[in-house]
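Engineer: sequence plus predicted model, see below.
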Amino acid sequence: MRDGIAIARNGIPAVAFVTSKFWPQGDFVAKAEGMPDVPRVQLPHPVAGIGREAMASLADSISEEVLQRLIDG
Amino acid sequence: MSIFLNARDEAEALEKLHDAHCTDGLPVIIPTRERVQRLVLASGLDSDIVLGEMGPQWGAATVENVAIAAVMAGCLAEHMPVVVAAIRAICQPEFDLAEMQGTTHCIAPLLIVNGPARAACGGIASGFGALGPGHRANASIGRAVRLAMMNIGGARPGESDMALHGHPGKFTFCLAEDEEQSPFPPLHTSLGYGLEQSVVTVVGTEGPHSVLFTGDADDPLSAERLLNTIAKVIANPGSNNSHLGGRAAICVVLNPDHAEVLHNAGYTRETIQQALSERAVTPRADLEALNPRMLVGREEFIPAVRDPANIVLITAGGTGLYTMVMPSWCAGPHGNVAVHAEIELNQYCELPSARG
């Protein structure tokens, strides 16, 4: 979430990926950093180590949402 | 500005503080207005002076807010100068407090006290069991910093402090260097301070990892074996330090016997740091076999601590077989470096009934 906020602050469109287990922490950080509405997309947990095929499938499943967040700003 | 809590008595107040997640899970001293004002007075500073901002919540660490944490932790008036200095230290941007508080790693700030404050601020222990229970100043000062990190900085386990396991040093983690037993100059003089100054050095670390070593006066290579043994523990191949680029500070706490072995062999703090940095390496292939996707560094032998100055080396603990290595997180924008701040003893306002 911090990376997404830092990139957005530099004027670069950004979408943070946050897994479900870390979603409340992401909300906390976004609010504390003064960007409560910073674009983010929720991923299932865990993501790390799920394997190439599962990762590709996950990427396919969220790609539309990520694009929409970028368009919405 | 503080939020006031109303309760019929101290027992109810304690339950309300627990319910509001304002404690570390242990009973606290209720921070009544009178008690807080007393520690503010002891600090010698105005209550609204801001010592820093504490992430991830970015709460203002005013003297009053820090005094609240100190009261809750059980601090005496004479502990305040160290608490104030420690808060100033961890609020320095280089410490990356917000990131450190939020990480899934178990890092906690280790406070190391040098100079006259060791005696003047309640007798901060540096000998047997200095990091364990039974030392009031160590326990209270470290706990005050933790409670400030929770209540001002907003770190709550599982909500904003995402450490998977944490470690017991997240309750309190404070000791002094045993300057009298150390054959080396005090740590703070190596950082550019004068001998007469008092300083708190803070490095975010894991808990202590034990290093077993027995010296042998008949063995001319005894000091080398000791250094090699410490280096092996620093370069634990499962650690963040080995994998994540070696940018971080770590802490090595030599017991007085081990410090003497190295001193007798002609080593100084600087040459020990250099030797440990050079020897605490792991073959790249070994690390690739463990966490290939996490590995940072392209050398054949990957260093766990690239900059010798990032090995915070002190002498403390009892006499015997064990030295301690505190590995670290090795992440964050500044890479998990050590910070330090002077303890301003001339600000301290001695109160007549400090233990009353």
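Structural biologist: Cool, got the structure.
Engineer: poorly predicted segments of the chain, please.
Structural biologist: In the absence of a named chain, chain A is used. For chain A, the stretches flagged by pLDDT under 70 are A:73.
Engineer: actually it's chain B I care about, not the one you picked
Structural biologist: Using pLDDT under 70, chain B drops low at B:1-2, B:352-356.
Engineer: which elements pack onto the lengthiest helix in it?
Structural biologist: The helix spanning the most residues in chain B, taking DSSP state H as the definition, is helix B:136-151. Contact partners of helix B:136-151 among helices and strands, from 3 or more C-beta pairs under 8 Å, 6 or more residues apart in numbering or on different chains; DSSP states H and E: helix B:63-73, helix B:80-90, strand B:108-114, strand B:174-176. (Each C-beta comes from the backbone N, C-alpha and C, glycine too.)
Engineer: pull up the pairing partners for the last one, direction included.
Structural biologist: In other words, strand B:174-176. The strands that strand B:174-176 pairs with in its sheet are strand B:108-114 (parallel) (by DSSP bridges).
Engineer: and the angle for the strand it pairs with with helix B:80-90?
Structural biologist: 130 degrees (axes from the mean of the first three to the mean of the last three C-alpha atoms, to 10 degrees).
Engineer: hey, C-alpha coordinates of strand B:108-114 in CSV?
Structural biologist: Taking Å, rounded to 0.1, in the frame of the first residue of the first chain, the C-alpha atoms of strand B:108-114 are listed here in CSV:
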residue,chain,number,x,y,z
ALA,B,108,11.7,-4.4,17.5
PRO,B,109,13.8,-1.3,18.5
LEU,B,110,16.7,-2.3,20.7
LEU,B,111,17.8,0.6,23.0
ILE,B,112,21.5,0.8,23.9
VAL,B,113,22.4,3.4,26.6
ASN,B,114,25.9,4.8,27.0
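Engineer: touching stretch B:136-147 from outside, list them.
Structural biologist: For stretch B:136-147, contacts defined as C-beta atoms under 8 Å, 6 or more residues apart in numbering or on different chains pick out B:22-24, B:28, B:66, B:69-70, B:72-76, B:79, B:82-83, B:86-87, B:90, B:108-109, B:111, B:121-125, B:130-131, B:133, B:169-176.
Engineer: likewise stretch B:150-165?
Structural biologist: A:22, A:24-25, A:28-29, A:32, B:21-22, B:24, B:54-61, B:65-66, B:68-69, B:97-98, B:101-107, B:149, B:166, B:170.
Engineer: got it, and stretch B:59-72?
Structural biologist: B:2, B:17, B:22-23, B:28-32, B:35-37, B:39-40, B:43, B:45-54, B:79-80, B:83-84, B:87, B:91, B:140, B:144-145, B:147-148, B:151-154.
Engineer: in that stretch, what counts as buried?
Structural biologist: B:59, B:61-72 (16 or more other C-beta atoms under 10 Å in any protein chain shown).
Engineer: may I have the phi/psi pair for the residue sitting furthest away from the middle of chain A?
Structural biologist: Farthest-out residue of chain A from its mean C-alpha position, per C-alpha atoms, centre = their mean: A:Glu53, at 20.2 Å. Note on A:Glu53: backbone dihedrals following degrees, to the nearest 10 are phi -70, psi -50.
Engineer: helices along the chain, start to end?
Structural biologist: Let's take chain A. Going by DSSP H, chain A shows helices at A:2-9, A:23-32, A:52-72.
Engineer: my bad, the chain I had in mind was chain B
Structural biologist: Under DSSP H, chain B gives helices at B:10-19, B:33-43, B:63-73, B:80-90, B:97-102, B:117-120, B:136-151, B:187-190, B:222-234, B:240-243, B:256-264, B:269-279, B:284-288.
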